[in-house]
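Participant: Provided below for reference: sequence and predicted model.
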Amino acid sequence: MATYDLTPRIGPNLDRHLVFPLLEFLQERQLYPDEQILKAKIELLNKTNMVDYAMDIHKSLYRTDDVPQDMVERRVEVVARLKALEDAAAPLVTFLQNPNAVQELRADKQYNLQMLNDRYQIGPDQIEALYQYAKFQFECGNYSGAADYLYQYRALCTNSERSLSALWGKLAAEILMQNWDIALEELNRLKEIIDSKSFSSPLNQVQSRIWLMHWSLFIFFNHDNGRTQIIDLFNQDKYLNAIQTSAPHLLRYLATAFIVNKRRRPQFKEFIKVIQQDQCSYKDPITEFLACVYVNYEFDGAQKKMKECEEVILNDPFLGKRVEEGNFNTVPLKDEFLENARLFIFETYCRIHQRIDMGVLFEKLNLNYEEGERWIVNLIRNSKLDAKIDSKTGTVIMEPNRPNVYEQLIDHTKALQGRTYKLVGQLLEHAQAQPAR
Amino acid sequence: MASKFWTQGGSDTEEEETDIEDEIENGGAGETTAAAAGSRYLQTNASDSDDSDGQKRVVRSAKDKRFEEMASTVDQMKNAMKINDWVSLQESFDKINKQLEKVMRVTESDRVPNLYIKCLVMLEDFLAEALANKEAKKKMSSSNHKALNAMKQKLKKNNKQYEELINKYRENPESEEEKFEDEDEDEDEDESGSELEDPSQIAAESSDEDDEGEDVDDDDADGAWEKKLSKKEKLMDREFKKDPSEITWDTVNKKFKEVVAARGRKGTGKFEQVEQLTFLTKVAKTPAQKLEILFSVISAQFDVNPGLSGHMPINVWKKCVQNMLVILDILVQYPNIVVDDMVEPDENETQKGADYDGTIRVWGNLVAFLERIDNEFFKSLQCIDPHTREYVERLRDEPLFLVLAQNVQEYLERIGDLKSAAKVALRRVELVYYKPQEVYDAMRQLAVLSEDGEKDGDETKVEETRGTSAFVVTPELVSRKLTFPENSRALMDILVTLIYKSGDERTKARAMLCDIYHHALFDEFSIARDLLLMSHLQDTIQHMDVSTQILFNRAMAQVGLCAFRVGLIAEGHGCLSELYSGGRVKELLAQGVSQSRYHEKTPEQERLERRRQMPYHMHINLELLEAVHLICAMLLEVPNMAANSLDAKRKVISKTFRRLLEVSERQPFTGPPENVRDHVMAATRALCKGDFQKAFDVINSLDVWKLLRNRESVLEMLKAKIKEEALRTYLFTYCSSYDTLGLDQLTKMFDLSDAQIHSIVSKMLVNEELHASWDQPTRCIIFHDVEYSRLQALAFQLTEKLSILAESNERAVEARFGGGGLDLPLRRRDNQEYAAGTSGGGGGRWPDLSYNQGRQGSSGRAAYTGGGRPLALGQASRDRSSQSRGTGGYSGRAGSGMRGYQMDASARMVSLSRGVRG
């Protein structure tokens, strides 16, 4: 089932630290041998400062208590560097930890800088040190500290490039701390900057968007409102272009969001076209499901795909998020997805049929008869479906959905009146303007 | 003009010549003592000479013609003499001199024809006579008198050149020819001997016509080569070789300047110059000097080419390539030598020897030379008849050029001149891009094989240099071997990446088009399409030069073919329809000149067009292209016609196809299909009835399919498509006659699986093309008849008319006041919605342009492509691996409606007419 695993494609677009949760998930799902994942983790940690953690993993991987020499050395080095940075940033940190002093800060950045410089002898060097310190903290896995420092750094920093990377850092830290609300705020801030900023080359901009979208996956699939927002973000022209250009695998998440969303969206039709086009560059059961239902009208195929989708969702770190309810371990998104997918099939199926055998239908929808009948009755009762059940023959009969002739006539003529008024209005306007001249 | 007198004399060709000579002799100034005997000689002589250049049969007729012309001029002169008309005599004399030049070129001999000498003698005598006759002179009109004097001067001057011959002729007018023939070789010897006495004369270039002739001979006839070369060398050696130690940089430089100064001067023998310069390269004292002289050699070799339309002689071309390689050798050996064409180098720059440390600047432009060589290669392929062996032989020279280009590119990359390297890379790309893998493999093998051949070439080169061991020996540092990647795609990727990084706009655009073409050739439709769309080439191509436009058209055609091969009928049609809309396919693809009935082309335009033609081996098969286009049109148009059978004019997909169909329907009898068009029309007739088998059989019988690599699968695909469209057509046509239609029946009729039919019909239902629905338990389609009562129908008509009325009112107001502000006319909006509806279903319909534009307008995508920048590829390093990592990749796919993207909008064929007129 590792065929549809997207981790290798998503990984390069994430921060090192953000890859961790993905690896954890994979370990849990047992898609790959444990050993491989642990190795990957060490690999990942080698470039960070979380040496202790790396050592632990090393121990569990090789089942020894020995730690390679370079790790030990690195640990010493890291600690030393931490000390150095701490010292460098100390004046500013102490200042910031003093609530009275902080109150002296105002909204005016220039003033603040001036004030710090005059009264506390804190110059650009110290501010820069704060950034480095925050970065180091982040590398060490102290995300909350890093987030705080970065927030304060941003308030003081004048360099827009630096400010941007501080923002990225803040976002990563918030994501890792699972503060979804704050992370979402940061995300929107970052998005605004990316969209408004003039990048040196379009390539960079596209790259930033790609990153942003990848990082946002953490937020959107954890935030309550995320599923609507993911569509709002991904389905924007610029972002969709970026997806198609460089990261077609993101289509999976967009497709899932579209399917799961209750409200049928006007952009859905457009999106189907995108799916159709990009079939050559990216394909997985979820997009194929949409293609089956909306492009080829192959319902048997769709049904098969639906089963595969279930697997995919369970194995996807973002989609397959577990929620523990008492003793049960459920994946809420999966159930929702299946329900909606079923509805999709049924809806389209009904559109082109006049009479449907319920037995066959339920088989297509992976439902048993009783359950299915209840489902359909509910649909009819909620007037989502204009049909009747003929229980004697076991069929659903669609009400013919033909436009009324008279309605059509009214439609045709309705606009005429308005147009005529407008015309006359224009004529009069012109006639008045004439004598005035 | 043939007199009957000598008809029994011999074969026809000889006879003519004899006649002429004979006549001249008769009318001549009195040497015709033994006309019969003389002509006997002539006859044998003529046949002799014929034999001697028997191997050059190709030029025979041209030669005869020249002789004929000359003879007729002589006749004219004779007439003029009779009436003592010096004015016309003078004209004729000028004419005959010109003709002489032509004759010399045609016969490629070094000997002045006897006819000419005879004529000179005759003139001389007549002139003397006229001058002697003082009284007659006085009587002459002033213009005539003037002409006489002018003639006197000219003849004197002219005859000096041929003094020897004339004297000989005078001494022995009859046996002259025979002796001449015998002494041919000696004659040459003598001639050059006489020149040897005055070596500076030859250097300063005597205006000797026969010198040039001799050189032509040198180059063409290999047999004579050695000997004459040595003769030449002797001549040059006399100057230089007396004592090698005496030769200094100064002497060589002086000589070099002298020779170069003669370039382009009237009467400078072009081959001669090449020879001299080549010799100078051997005595050059410093590498820089050798380099400088080599550049001049190549320039001189380019000069050999007579005009714009003709091409450089092939052996000269080859030598030119060799010289370029030697230049590269020198440049590689002495990295401190810099070639530059921007600054005028110091006079004595080249004096600096091999051990000089600093940079030495030498004037020259490698890229320009390389491009010129490539152009000559291209031109030669244009000129040579593609059905001859010669053409194939010429094609074999391609690896030679590729080697050179590769080396030049490597050199340029090494010195960091990436911009020029990109230009060279483009040349390489343009030689490779149209080759399918098989052809590419063949070329690779040829390159391997020709290594042996090249060794031979080296040997001869050694021989050449044997006489004088060059002062500056250049070892062959640059590899003469071609290193190819296995896969042409790999080669293309390397080259194209370089170009995208550092080429200029035009180079990039061309490389892009080649890239697209190559992808399409390898059935990579989606990549080709993406490249085409994101490069925005279709927007800017109108402003590019004609040859790039042709390349664009070729790429479009290839993309169309590719789309067809992979089964994307609608896309294929979109690419090709524009190409066929004007009926000027040949012109658009530069594969032959199409005659237009409506406007005549001026000769100038025709010449331009001819110069643009693609060589034969690069052609896209037009029959295949037409077949693909018409089949695509058929598959789209037939169901469309069936769907809108009542108002056929409403929605036309392919106008070309409709027109052809009308023409074929008008025919009273339809015979068995002959050409592509007939085949498709026959298939169309079958398809209209829903008879897929017959339609497919007819299409299958076309023999253009053998040109396809994956023929089987394409035909398979085609069959499936035909079945599908036949089903659709059938349903459209007969839906009104049925109430229900069983799935099983359809399955049997169209030989399709249940699922396929279900899918196809469902698609039609969803798109509301067919008013019906499935009845699942009985597995049949139930058609809904939407019938209106009379009142309702009338009401509809009324509303229709009302809206037309409103519309025309609006239009009237608009016309009066000008301002917009009104809504779009209702009708148009309806259409739009309709289009949107059909395309929305994803049934592969073709959305209207208007729809497309609407979408484009709504999205502010300009922001990130950087406006309408033509090629956003500058930043795109097309590195696949990086793309998969998601970092590099195509920079801005940005592009025009990647989402709603329809080839339709993009498939704008470039019309060349603007270029033709401009």
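Facilitator: Yes, it's here. Numbers count the residues shown, from 1 in each chain, chains lettered A, B, ... in the order given.

Participant: report pLDDT for B:Ala557.
Facilitator: B:Ala557 carries a pLDDT value of 91.

Participant: residues near the closest residue to chain A within the stretch 601-750 of chain B, how many?
Facilitator: The nearest approach of the stretch 601-750 of chain B to chain A comes at B:Thr740, 10.4 Å away (C-beta to the nearest C-beta). In short, each C-beta sits where N, CA and C put it, glycine included. The burial count assigned to B:Thr740 is 11, neighbours taken as other C-beta atoms under 10 Å in any protein chain shown.

Participant: need phi/psi at it.
Facilitator: Main-chain torsions, B:Thr740, degrees, to the nearest 10: phi -130, psi 160.

Participant: please determine how far it is located from A:Tyr349.
Facilitator: 19 Å (C-beta to C-beta, to the nearest Å).

Participant: mind listing the helices for the stretch 251-400 of chain A?
Facilitator: Assigned by DSSP state H, counting those that start in this stretch, the stretch 251-400 of chain A shows helices spanning A:251-260, A:268-277, A:285-291, A:299-315, A:332-351, A:358-364, A:369-381.

Participant: now render those helices as JSON lines, adding distance to chain B, mean pLDDT and mean neighbour count.
Facilitator: What follows is these, written out as JSON lines (distance: least, C-beta to the nearest C-beta, whole Å; pLDDT from 0 to 100; neighbours: other C-beta atoms under 10 Å in any protein chain shown):
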{"stretch": "helix A:251-260", "distance to chain B": "12", "mean pLDDT": "85", "mean neighbour count": "24"}
{"stretch": "helix A:268-277", "distance to chain B": "5", "mean pLDDT": "82", "mean neighbour count": "19"}
{"stretch": "helix A:285-291", "distance to chain B": "9", "mean pLDDT": "86", "mean neighbour count": "24"}
{"stretch": "helix A:299-315", "distance to chain B": "7", "mean pLDDT": "83", "mean neighbour count": "20"}
{"stretch": "helix A:332-351", "distance to chain B": "6", "mean pLDDT": "81", "mean neighbour count": "18"}
{"stretch": "helix A:358-364", "distance to chain B": "7", "mean pLDDT": "79", "mean neighbour count": "18"}
{"stretch": "helix A:369-381", "distance to chain B": "14", "mean pLDDT": "83", "mean neighbour count": "14"}
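
Participant: mind checking which of those helices is nearest B:Leu588?
Facilitator: Smallest distance to B:Leu588 across the helices of the stretch 251-400 of chain A (C-beta to C-beta): 28.2 Å, for helix A:268-277.

Participant: could you find the closest non-adjacent residue to the residue of the stretch 601-750 of chain B closest to chain A?
Facilitator: Nearest non-adjacent residue to B:Thr740, counting by C-beta to C-beta, 6 or more residues apart in numbering or on different chains: B:Cys780, 4.7 Å away.

Participant: who's in contact with the one you found?
Facilitator: When contacts are counted by C-beta atoms under 8 Å, 6 or more residues apart in numbering or on different chains, B:Cys780 touches B:740-743, B:774.

Participant: rewinding a little: compare the helices of the stretch 251-400 of chain A and give me the one nearest B:Lys651.
Facilitator: Among those, helix A:268-277 comes nearest to B:Lys651, with 20.7 Å by C-beta to C-beta.

Participant: format the helices of the stretch 251-400 of chain A as CSV; extra columns: distance to B:Glu814.
Facilitator: Shown next, in CSV, are these (distance: least, C-beta to C-beta, whole Å):
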stretch, distance to B:Glu814
helix A:251-260, 42
helix A:268-277, 33
helix A:285-291, 44
helix A:299-315, 50
helix A:332-351, 41
helix A:358-364, 54
helix A:369-381, 50
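
Participant: and of these, who's closest to B:Arg444?
Facilitator: With C-beta to C-beta as the measure, helix A:268-277 is the member of the helices of the stretch 251-400 of chain A nearest B:Arg444 (36.4 Å).

Participant: what packs against the one helix or strand B:Ser420 maps to?
Facilitator: Assigned by DSSP states H and E, B:Ser420 falls within helix B:418-432. Here helix B:418-432 touches helix B:366-383, helix B:398-415, helix B:488-502, helix B:505-521, going by 3 or more C-beta pairs under 8 Å, 6 or more residues apart in numbering or on different chains; DSSP states H and E.

Participant: give me whichever of those is most buried.
Facilitator: helix B:505-521 (a mean of 24; mean count of other C-beta atoms under 10 Å in any protein chain shown).

Participant: got the angle for it vs helix B:418-432?
Facilitator: Orientation of helix B:505-521 against helix B:418-432 (axes from the mean of the first three to the mean of the last three C-alpha atoms, to 10 degrees) gives an angle of 30 degrees.

Participant: run a quick neighbour tally on residue 261.
Facilitator: All of this refers to chain A. For A:Asn261, the neighbour count with other C-beta under 10 Å is 16.

Participant: hmm, I had chain B in mind actually
Facilitator: B:Ala261 is flanked by 12 other residues according to other C-beta under 10 Å.

Participant: please tell me how far it sits from chain A.
Facilitator: 52 Å (C-beta to the nearest C-beta, to the nearest Å).

Participant: which pLDDT value belongs to the residue in the stretch 251-400 of chain B positioned nearest to chain A?
Facilitator: Closest contact between the stretch 251-400 of chain B and chain A, by C-beta to the nearest C-beta, is at B:Val367 (27.9 Å). pLDDT for B:Val367: 85.
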